[in-house]
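Participant: no sequence for this one, just the structure:
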């Protein structure tokens, strides 16, 4: 379903990275989600508890980069996202990507019009 991967840290915890379809109303594009947890199962459980029920990690095709690991370790929630880069993007262009955001901003439902 989604490209992703993980990296085990020296402390024994893991960082899981997943490319998921955007949960926005228009459904266009995809997002890259990073989760820091004690193990892979807990990382996926954190996402499922937030309402992302069909999240699975199959293989290790797109593990987190060192910059992504640093970003998620420095975030207090240990759960961040941003728009997934295009597959044809060069590494230099990847540096111009948007900033990481807390997961709350992705899952926030727009207010109903009055």
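Facilitator: Received the coordinates, thanks. Being a predicted model, the structure only gives us computed values, none of them experimental.
Participant: So what would you say the end-to-end distance of stretch 17-36 is?
Facilitator: 9 Å (Cα to Cα, to the nearest Å).
Participant: residues in contact with it?
Facilitator: For stretch 17-36, the surrounding residues in contact (Cβ atoms under 8 Å, 6 or more residues apart in numbering) are 2-7, 13-16, 43-44, 46-47, 52, 55, 57, 62-64, 68-69, 71-73, 75, 78-85, 100, 103, 106-107, 110. In short, each C-beta sits where N, CA and C put it, glycine included.
Participant: can you rerun that using 6 Å?
Facilitator: With Cβ atoms under 6 Å, 6 or more residues apart in numbering as the test, stretch 17-36 has contacts from 2-5, 15-16, 43, 46, 64, 68, 72, 78-84.
Participant: Could you do stretch 47-63 as well?
Facilitator: Contacts for stretch 47-63 (Cβ under 6 Å, 6+ apart): 3-5, 7, 44, 107.
Participant: can you name the two of those that are farthest apart?
Facilitator: 7 and 107 (24.1 Å; Cβ to Cβ).
Participant: that older thread, got a markdown table for the contacts of stretch 47-63, with pLDDT too?
Facilitator: Shown next, in a markdown table, are the contacts of stretch 47-63 (pLDDT from 0 to 100):
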| residue | pLDDT |
| --- | --- |
| 3 | 79 |
| 4 | 89 |
| 5 | 93 |
| 7 | 96 |
| 44 | 92 |
| 107 | 73 |
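Participant: what stretches of the chain score poorly on pLDDT?
Facilitator: 1-2, 23-28, 86-97, 108-114 (pLDDT under 70).
Participant: A ChimeraX selection for the contacts of stretch 17-36, restricted to the buried ones, would help me check which they are.
Facilitator: Selecting the buried subset of the contacts of stretch 17-36 in ChimeraX, with 16 or more other Cβ atoms under 10 Å as the burial test, is done by:
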select :2,3,4,5,15,16,43,46,64,68,72,78,79,80,81,82,84
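Participant: Now do the same for the residue nearest the centre of the chain: helix, strand or coil?
Facilitator: Of all residues in the chain, the one closest to the mean position by Cα atoms, centre = their mean is residue 33, 0.6 Å from it. Classification of residue 33 by DSSP: H, G, I helix; E, B strand; the rest coil places it in strand.
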